[in-house]
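quick one, what's the 3D model for this:
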Amino acid sequence: MTNRPDIVLVMVDQLAARWLEQAWQGVVDLPNLRALAEGGVRFPNAFTPNPVCAPARATVATGLTSQGHGVSECGYDLDPALPTFMRTLQRGGWRTGAFGKLHLRTQIGGVHPDYRPYGFDVTHITEDPRAGEWLDWVREHHPGHYRAALSTVWMTMVPELRAYGPERRDLVAEIEAARREFPESTGEAYTLPFPAEVSQTSWITERACDFIRGTEADRPLFAHVSYVQPHNPFAPPAEYLRHVRAERVPRPLPAEWRSGGPAYFDREQYRQASYDVDDWESHRLHYFADLAHLDEQLGRLVDCLRETGRLAGTYVIFTSDHGELLHDHGLVGKWERHYDACIRVPLLVSGPDLRPGVRPELVELTDLAPTILDVAGLEPDPLPRPELGNPHLPRRLPALPGSSLLPLCQGLDLDWRTAVYVQSNNNHWEASPRSWSRTVRTARHRYTRYFGGGGEQLFDLKADPDEQHDLAHDPAAEPVLRRLREELLELVVLDGYPNSPRGLYGIGTW
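Model (predicted):
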């Protein structure tokens with residue numbers, strides 16, 4: 001391993017591992033992602049611990065579980081006092097930069113968030129609302145496309161938009177007027193009404209490349225390059241639609257829950273399968289076109305690293321915060337429906353001294369922070385005063401629940417976890433236990449418990465990889481069901497170990 005290597009974490013939003021795999025099977029060519037996978041290590045069994053933006057991203061930044069960092073759902077801000085791997089890198093001499101979407105603060109709170117307290121020297125932020133720094137840049141540098149860019153701003157519920165900028169303009173009124181000029185921008189799937197070089201995606205890449213080019217050659221850097229796409233609305237530049245082989249786009253998996261599914265689905269919002277009421281073909285076509293655009297941007301990043309002489313010594317990690325059901329099982333989005341397209345995410349790792357290949361282990365986003373620190377040769381911040389109050393405790397308790405993936409990437413075989421735990425809490429339209437679920441996922445099975453009387457699901461993924469046959473009420477599956485219920489209970493409890501550092505003075509103190 002090189003001394004103090006450069007590290008680039010590329011994150012996209014709402015990309016399931018399933019859709020990347022489908023793309024590679026002929027739907028759309030993604031040469032840069034394929035090159036990254038073939039030249040590095042691919043983890044096909046990587047999972048998000050909480051399939052919604054803010055909790056998953058808080059886990060990436062801190063290495064903690066939802067219980068550990070406290071961001072159990074969207075709507076919480078991550079406490080900047082908590083240790084982050086970015087701040088540890090910063091203290092170790094790395095120049096740190098964030099570009100695009102971080103979502104460590106709730107996006108409703110404002111479109112100009114300050115992420116420097118989390119451990120970043122340089123930030124250029126643009127998130128789901130699309131107002132903020134990117135939109136301000138379009139207004140200044142591409143005024144001819146400003147009205148079109150305004151029409152794509154969809155989170156108009158942000159209070160800041162009512163008194164926006166130094167002039168305190170009513171940006172909501174401007175957005176509504178722009179939508180009347182560009183009505184196609186109000187849909188769930190459309191092509192951007194401006195050129196690709198004006199897009200959020202291209203803007204993020206250019207800011208990251210400026211950071212790479214502007215960092216002293218002898219100083220290590222960490223760049224968090226985080227794209228908003230392919231989050232809905234699915235809105236690629238128009239020219240990327242032709243990259244998609246429409247005839248190869250797969251049909252959605254059937255909504256098996258319509259015949260004898262758990263009680264969770266007995267509600268009005270699931271009266272019909274999504275593919276019966278929405279244009280699933282258009283949604284998938286635009287989603288895969290977004291992947292083609294993102295793949296090109298990854299190529300730009302790699303070229304920038306190469307041009308600056310950094311590529312050979314750089315670790316590049318590519319992943320997503322969570323998946324997107326994209327009409328599989330008659331569902332869209334993510335949240336508490338823990339099917340494969342919701343919870344399994346892509347994870348590719350490339351860098352010096354790694355053994356390229358595929359690792360089948362069950363890994364999680366909780367493993368990213370310890371991996372990055374291991375690559376950098378740094379230790380996570382320890383929990384304070386572990387010996388105070390009880391001298392028989394070990395002097396150093398573990399600080400993070402995850403494990404470094406570096407040994408796996410180097411080809412070593414380790415005693416590894418046999419199950420991952422996934423949780424969901426309140427979603428955007430309901431704040432009650434009816435929208436809570438908990439899942440244990442093993443190499444063979446997926447068991448999910450829905451709360452508030454929602455019932456349970458059990459799938460044998462070896463016999464039924466498409467999750468079409470729920471075994472939760474099959475008497476023959478009772479031994480497996482009983483074992484997985486017990487395993488889930490243990491994982492729920494151990495979500496609090498190691499101890500959370502939030503407000504911690506010392507372990508076992510009084």
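
A strand includes residue 7, no?
Yes - according to DSSP: H, G, I helix; E, B strand; the rest coil, the state of residue 7 is that of a strand.

specify the beta-bridge partners of it.
residue 222, residue 315 (DSSP bridges).

looks like it contacts residue 314 (just checking).
Yes - look at residue 7 against residue 314 with CB atoms under 8 Å: they come within range, at 7.0 Å. For glycine as for every other residue, the C-beta is placed from the backbone atoms N, C-alpha and C.

burial of the nearest residue to residue 213 once chain neighbours are set aside, as a residue count?
Leaving aside its chain neighbours, residue 213 sits nearest to residue 308 (6.0 Å; criterion: CB to CB, 6 or more residues apart in numbering). A count of nearby residues for residue 308, using other CB atoms under 10 Å, gives 17.

please apply the same query to residue 46.
As a measure of burial, residue 46 has 25 neighbours, counting by other CB under 10 Å.

I figured it was touching residue 318, is that so?
No - Residue 46 lies out of contact with residue 318 (CB under 8 Å); the separation is 10.7 Å.

which residues are in contact with each of the two?
Taking CB atoms under 8 Å, 6 or more residues apart in numbering as the criterion, residue 46 and residue 318 both touch 346, 347.

quick one, phi/psi of residue 432?
phi -160, psi 160 (degrees, to the nearest 10).

got the contact list for it?
Residue 432 makes contacts with 426, 452, as judged by CB under 8 Å, 6+ apart.

what pLDDT does it get?
With respect to pLDDT, residue 432 scores 91.

what about it, distance to residue 72?
As judged by CB to CB, to the nearest Å, residue 432 and residue 72 stand 14 Å apart.

likewise for residue 238?
Noted for residue 238: a distance of 39 Å to residue 72, by CB to CB.

higher neighbour count, these two?
Shown here are residue 238 and residue 72; by other CB under 10 Å, residue 72 has more neighbours (20 against 15).

go ahead and confirm the more buried one touches residue 50.
Yes - the pair residue 72 / residue 50 is scored as a contact, 7.4 Å apart, by CB under 8 Å.

which stretches in the stretch 201-350 of the chain count as helices?
For the stretch 201-350 of the chain, applying DSSP state H, counting those that start in this stretch gives helices covering 274-277, 280-307, 340-343.

would you turn those helices into CSV with distance to residue 14 and mean pLDDT?
Shown next, in CSV, are those (distance: least, CB to CB, whole Å; pLDDT from 0 to 100):
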stretch, distance to residue 14, mean pLDDT
helix 274-277, 15, 97
helix 280-307, 9, 98
helix 340-343, 10, 98
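
which one of those helices lies closest to residue 21?
Nearest to residue 21 among the helices of the stretch 201-350 of the chain is helix 340-343 (10.3 Å), distances taken as CB to CB.

how distant is the closest one from the center of its chain?
Relative to the centre of its chain, helix 340-343 is centred 12 Å away, using CA atoms, centre = their mean, to the nearest Å.

going by contacts, tell me the helices and strands next to it.
Judged by 3 or more CB pairs under 8 Å, 6 or more residues apart in numbering; DSSP states H and E, helix 340-343 is in contact with helix 17-22.

10 Å instead, please
helix 17-22, strand 46-47, strand 419-424, strand 437-442, strand 445-450 (3 or more CB pairs under 10 Å, 6 or more residues apart in numbering; DSSP states H and E).

can you name the next helix or strand after the second one?
Where DSSP states H and E defines the elements, the next helix or strand beyond strand 46-47 is helix 53-62.

return the distance of that next one from the chain's centre.
So, by CA atoms, centre = their mean, the centroid of helix 53-62 is 8 Å from its chain's centroid.

buried residues, it. List them.
53, 54, 55, 56, 57, 58, 59, 60, 61, 62 (16 or more other CB atoms under 10 Å).

isn't the second one right up against residue 78?
I take that to be residue 54. Yes - between residue 54 and residue 78 a contact is recorded at 7.6 Å, counting by CB atoms under 10 Å.

where do the contact lists of the two overlap?
Common contact partners of residue 54 and residue 78 (CB atoms under 10 Å, 6 or more residues apart in numbering): 71, 102, 103, 104, 105, 106.

what count of nearby residues applies to the second one?
Using other CB under 10 Å as the criterion, residue 102 is surrounded by 24 other residues.

on the three-state scheme, it is what?
Going by three-state DSSP: residue 102 is coil.

need the contact list for the closest residue to it other than its chain neighbours.
Nearest residue to residue 102 in three dimensions, chain neighbours excluded: residue 115, at 5.3 Å (CB to CB, 6+ apart). Residue 115 makes contact with 61, 78, 80, 86, 98, 102-105, 123-125, 224, according to CB under 10 Å, 6+ apart.
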